[in-house]
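Chemist: I would like to see how this sequence folds:
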Amino acid sequence: MKKRLPLIVYGLCTVSFLLFIWYYGIRDGKGDDWNESPIGLAGDIEEKYVMVTFQSGLDYWRPIMKGFEDAAQGLNVSVEFRGATQYDANEEITVLEQVIAKKPAGIAVTAINPEALNVTIDKAVRAGIPIVLFDSGAPGSKAYSFLGTDNYKAGATAAREMGRLLAGKGKVAVVTQPNQLNHIERTNGFLETLSKEFPGLTVAEVADGKGDVTVSGLVADSLLDRFPDLDGFFATQANGGVGIGQALKDKGLAGRKVIIGFDTDKGTLDMVKDGTINATLAQGTWNMGYWALMELFHLRHKIVQPNSEAAGGAAPLPPYIDTGVTVVTRANVDNYYAK
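Modeler: Presented below is the predicted three-dimensional model:
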C-alpha cells in the first residue's frame, strides 16, 4: 500500500496539470474564437458623433444629451455637443458648417426653423455624413430621420387639458414661437382641437414670446391688459410658461388663470408644484438623444438603409420616431425633477 501511494499522488498531480492546461489553454483559446465580438454592436472610441443645437444653454437639452451619451457609452464611441448660443438661424448654420468640415461619423441636429438649415443639412448628406433630426424638424431637407414629439398630438393633448380645467368654456391665448416647426404644429394641434371639441372655448390671440422668459412675461402682461376676461394660457415652450407664470404672480393672479406649459425644466416644475402652472407636457427627451445616436451608428455601419426604397429588402431606417408626451400636474410633478 505504501508503494502505491506515491503512484496515486503522482497520478493525481498529472491529471490536475492536464486539466489546468485544458481549462486555461485549449478551452480559453477556443472561447476567444467563439467570442470574437462579445459585446455585440461596438464602434471605435475615435469614432465621433456630434449633436448640434440652438440656444445651447437651455436646460431642456440636458436629458437629450444624456441619452446621446448613454448610447455612446454602450457603443464605445465618442460624442461632442455644439450649439448656437442664441436663437439665431445664421449662428446655427455656422456651427453646423464647422461640424461638417471636421467630417464626424454622424450628426444629430435640431432645426431652428423648417427651412433655414436645409442647404447645410443636404451638404452633409452629399458628403456622406449620416444626419438625423431631433426635437424640431426640417421636412424639406435630406436628413434621414426625425426623432421627436408628435407635436400636433401634443397640442391636442394641451387643448383637452385646458378644456377639462375650464369645463369647456372661456377665453384663452397661446404664446409660441411662430417660425419654428415644432411650435407651429403644437399651436395648430391646440387650436384645431379646441375648435372641434370645445366650441365654448375661444382664442383671443396667438402671440410670439420669442422663446424668452422676459418677452413672454411682457406678452402676457399685454394680453391681460387687452383681454381682462382671459381665462387661460397655453405656452408651447418652457420659457413661455415661466414668463407667463411670473407675470401672473406680479399681478396677483397666480392660480386664478389656467396655464398649460411645455417641458420639464426646473423653473416650470417649481411653478407646477406651487400651483402657478396647472400642467405641463413632458417630452421623451432622453429617448430623442439615445435613439438619435443609435440611428446614426446604424447608418454609419450600414446596418440599416436610409429608406425603404434603398433598402431593397434589408432593414430600413424608420423615417420618424414619436418619442411621446405625458401630462405633468401637481400630483406627479415630483417624479420629473432631475435625480
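Chemist: which one is Tyr241 nearest to, not counting chain neighbours?
Modeler: Residue 241: Gly, not Tyr. Closest residue in space to Gly241, ignoring its immediate chain neighbours: Gly261 at 2.8 Å, by C-beta to C-beta, 6 or more residues apart in numbering. No exception for glycine: its C-beta is placed from N, CA and C like everyone else's.
Chemist: Pro114 and Leu181 touch, don't they?
Modeler: Yes - using C-beta atoms under 8 Å, Pro114 makes contact with Leu181 at a distance of 4.1 Å.
Chemist: quick check: neighbours shared by these two?
Modeler: 137-139 (C-beta atoms under 8 Å, 6 or more residues apart in numbering).
Chemist: show only the entries of these found in helices.
Modeler: Counting by DSSP state H, no part of those is found in helices.
Chemist: so which of those residues comes closest to Ala204?
Modeler: Using C-beta to C-beta, Gly137 comes nearest to Ala204 of these, at 29.1 Å.
Chemist: can you check what pLDDT the model gives that closest one?
Modeler: Note on Gly137: pLDDT of 90.
Chemist: report the contact partners of it.
Modeler: Per C-beta under 8 Å, 6+ apart, neighbours of Gly137: 111, 114, 143, 146, 148, 181-182.
Chemist: do you know how far it is from Gly255?
Modeler: Computed as C-beta to C-beta, to the nearest Å, the Gly137 to Gly255 distance reads 36 Å.
Chemist: in this protein, what secondary structure element scores lowest on mean pLDDT?
Modeler: helix 28-34 (a mean of 39; mean pLDDT, DSSP states H and E).
Chemist: flag the shaky bits of the protein, pLDDT-wise.
Modeler: Where the chain drops to pLDDT under 70, the residues are 1-40, 307-315.
Chemist: can you show me the helices along it?
Modeler: For the chain, the helices defined by DSSP H cover 4-21, 28-34, 61-75, 89-101, 118-126, 151-165, 181-197, 213-226, 238-250, 266-273, 285-300, 308-311.
Chemist: returning to what we had before: near the residue nearest to Gly241, how many other residues are there?
Modeler: 32 (other C-beta atoms under 10 Å).
Chemist: and what of Met51?
Modeler: 28.
Chemist: contacting residues around it?
Modeler: With C-beta under 8 Å, 6+ apart, Met51 has these contacts: 64-65, 68, 79-82, 107-109, 289, 292.
Chemist: so how many other residues sit close to Gly240?
Modeler: Gly240 has 34 neighbouring residues, counting by other C-beta under 10 Å.
Chemist: quick one: it and Leu218 touch, right?
Modeler: No - here Gly240 lies out of contact with Leu218, judged by C-beta under 8 Å, at a distance of 11.6 Å.
Chemist: picking up where we left off before, and Thr326, which of the helices of the chain is closest to it?
Modeler: Of all the helices of the chain, it is helix 151-165 that lies closest to Thr326, at 9.0 Å by C-beta to C-beta.
Chemist: how distant is the closest one from the center of its chain?
Modeler: 20 Å (C-alpha atoms, centre = their mean, to the nearest Å).
Chemist: got the buried residues for it?
Modeler: Along helix 151-165, these residues count as buried under the neighbour rule (16 or more other C-beta atoms under 10 Å): 151-163, 165.
Chemist: just stretch 202-217 next, same as before
Modeler: Neighbour count says stretch 202-217 has 204, 207-213, 215-217 buried, by 16+ other C-beta under 10 Å.
Chemist: between Pro114 and Leu181, which is the more surrounded one?
Modeler: When Pro114 is set against Leu181 and neighbours are counted by other C-beta under 10 Å, the residue ahead is Leu181, at 22 against 19.
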